[in-house]
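In: compute the structure for the input listed below.
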Amino acid sequence: MAEKALIICYYWPPAGGPGVQRWLKFVKYLPEFGIEPVVFIPENPSYPLVDETLVNEVTQGITIIKHPITEPYGWASKLSRKQTKSISSGIIPKERKQSFLQKAMLYIRGNFFVPDARILWVKPSVRFLRKYISDNSIETIITTGPPHSLHLIGLGLKKEFPEMQWITDFRDPWTTIGYHDKLKMTTNTKAKHKRLEQEVLQMADKVIVTSPSTAREFEAITQKPIHVITNGFDDEGIPEVPVDDTFTISHVGSLLSDRNPKSLWKAIAQLKEEYSAFAKALKIKLAGKVSQEVIDSIATQGLAENLEVLGYVSHKEALILQRQASILLLIEIDATITKGIIAGKLFEYLASRRPILAVGPAEGDVEAIIDQTGAGKYFTYNSKEEIKHFVLEKFKGFISSKDLSVKSVEINKYHRRELTSRLAEIIKI
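Out: Below is the predicted model of the structure:
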């Protein structure tokens, strides 16, 4: 008889964006390894991004239970729907460009809703799941965040059922997550985050993280076992698509204000000025939420005519765009705290076998994966000449054959089935 695992998550189809993919795929493959997943999700969530096509990817026959959620973003949208959606999506303007309303909303979000805007779902969920766990012989619960409020659901249930196994899955860090310093938190609020983070990490039976750097960060807080399971790629059934006729440099996913590698735009602009063929062939495609500051930086370099901002696209469309590109961009914030961020898109990039141009902090975990797989090149923010050389090299390959496919190595370990096999082992240990 399969062991039941109750998975408590916020992002679930039709939610769009990267947060939904990880557990959608784990749930798909867990039954192959003797684990019966039971998924607990909000009944009426306020998702910042919606992708209805993902509903078709939900595994048939699994048990999904829902409970209503109250979210402050619903109230805030009455003041400004645009600003609320922007903040909930992580698009936060620089301090000097924030309106009074934006500053007020960030302060309220940062100090009145700790650890995040889904805190009001915690107590009702604990009350609801208390009976479900007792009635259905649940031996393991898994909470995945962000939103990290979901770990507080796990904490409440663990206190009521101390013999039950509780596994926490951190898709991103907690107190060192990139946007925390933009939420105008008071000293007391920051201290509360630290206390909650510590209590969760010390009460959980096992901890899963998505990068080695986050594992090292948490090892300083807890003695509990910490396991690294990265994100991955799946067999998506995407048909063969031809590479664009243009020399297309694409980024798929959010490009926030702090993810703005000006050295990259300068390098591309210089190549455009120096090589007429490059100028004629160049296309920069940005799919997803893009900060106006990023768009302005690109335009400042004289690249506006080469830029195509596509907005949010479905997951399937994103995969097609990846396969059509000549170069895929992977951009992370240039900060020490982001060294451990490994964007989920990296693994889909690997599966597309297109050259990856990554820009991020020195010694980021992404660099090791790109080096090990031979999938592209990793640069720091001040590496303009090196970036320029890489792009020119790829352009010459594009001119000669248009075939820029990469023979990446050792990527099968990032397949969702392989990753789920490791998850099942952790559950059963």
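
In: for the helix or strand hosting Tyr349, give the mean pLDDT please.
Out: For Tyr349, the host element (DSSP states H and E) is helix 345-352. The average pLDDT within helix 345-352 is 96.

In: helices and strands around it, which ones?
Out: With contacts defined as 3 or more Cβ pairs under 8 Å, 6 or more residues apart in numbering; DSSP states H and E, helix 345-352 has these neighbours: helix 315-324, strand 327-331, strand 356-359, helix 365-373. The C-beta positions use only the backbone N, C-alpha and C, and glycine is treated the same way.

In: SS state for Leu271?
Out: Each residue gets one of three states, and Leu271 gets helix by DSSP: H, G, I helix; E, B strand; the rest coil.

In: pull the number of nearby residues for it.
Out: 19 (other Cβ atoms under 10 Å).

In: if we can go back for a sec, right, so of the helices and strands packed on helix 345-352, which gets closest to Lys394?
Out: strand 327-331 (5.6 Å; Cβ to Cβ).

In: and the direction of the helix holding Tyr349 versus that of helix 315-324, what angle?
Out: 60 degrees (axes from the mean of the first three to the mean of the last three Cα atoms, to 10 degrees).

In: how about low-confidence regions in the stretch 251-400 of the chain?
Out: By pLDDT under 70, the stretch 251-400 of the chain contains no weakly predicted segment.

In: where do the strands of the stretch 1-150 of the chain begin and end?
Out: 3-8, 35-42, 63-67, 140-145 (DSSP state E, counting those that start in this stretch).

In: which parts of the longest one are buried?
Out: Taking 16 or more other Cβ atoms under 10 Å as the basis for neighbour counts, the residues of strand 35-42 that come out buried are Ile35, Pro37, Val38, Val39, Phe40, Ile41, Pro42.

In: how about the contacts made by the fourth one?
Out: Contacts for Val39 were tallied using Cβ atoms under 8 Å, 6 or more residues apart in numbering; they are Ile7, Cys9, Trp12, Trp23, Val27, Ile62, Thr63, Ile64, Ile65.

In: now the buried members of the residues you listed.
Out: Ile7, Cys9, Trp12, Trp23, Val27.

In: just send the helices and strands packed on helix 345-352 back as a markdown table, with mean neighbour count and distance to Leu196 too.
Out: A markdown table is the format used below for these (neighbours: other Cβ atoms under 10 Å; distance: least, Cβ to Cβ, whole Å):
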| stretch | mean neighbour count | distance to Leu196 |
| --- | --- | --- |
| helix 315-324 | 19 | 32 |
| strand 327-331 | 24 | 30 |
| strand 356-359 | 24 | 33 |
| helix 365-373 | 19 | 25 |
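
In: JSON lines for these, including distance to Val309?
Out: Listed next are those as JSON lines, based on distance: least, Cβ to Cβ, whole Å:
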{"stretch": "helix 315-324", "distance to Val309": "13"}
{"stretch": "strand 327-331", "distance to Val309": "14"}
{"stretch": "strand 356-359", "distance to Val309": "19"}
{"stretch": "helix 365-373", "distance to Val309": "24"}
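
In: looking at these, which is closest to Val209?
Out: helix 365-373 (10.7 Å).

In: what's in contact with that closest one?
Out: For helix 365-373, using Cβ under 8 Å, 6+ apart, the contacting residues are 211-213, 230, 330, 332, 339-343, 346, 350, 356, 358, 360, 375-378, 408-411.

In: looking at these, which are in helices?
Out: Among the contacts of helix 365-373, the members falling in helices (DSSP state H) are Pro212, Ser213, Leu346, Leu350.

In: in stretch 19-26, which residues are buried?
Out: Counting neighbours by 16+ other Cβ under 10 Å, stretch 19-26 gives Gly19, Val20, Gln21, Arg22, Trp23, Leu24, Lys25, Phe26 as buried.

In: residue contacts, the third one?
Out: Applying Cβ under 8 Å, 6+ apart, one finds that Gln21 lies in contact with Asn231, His315, Gly344.

In: all strands for the stretch 151-300 of the chain, in order.
Out: Counting by DSSP E, counting those that start in this stretch, the strands of the stretch 151-300 of the chain are 165-170, 206-209, 226-228, 247-252, 282-287.

In: out of those, flag the one nearest Ala267.
Out: It's strand 247-252; of the strands of the stretch 151-300 of the chain, that one is closest to Ala267 (Cβ to Cβ) at 10.7 Å.

In: who does the closest one pair up with?
Out: Sheet pairing of strand 247-252 (DSSP bridges) gives strand 282-287 (parallel), strand 327-331 (parallel).

In: now those strands as CSV including distance to Val200?
Out: Below are these laid out as CSV (distance: least, Cβ to Cβ, whole Å):
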stretch, distance to Val200
strand 282-287, 34
strand 327-331, 30
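
In: closest to Leu256 out of those?
Out: Using Cβ to Cβ, the nearest of the strands paired with strand 247-252 to Leu256 is strand 327-331, at 9.2 Å.

In: so Ile427 is in contact with Glu3, correct?
Out: Yes. Between Ile427 and Glu3 there is a contact under Cβ atoms under 8 Å: 7.1 Å.
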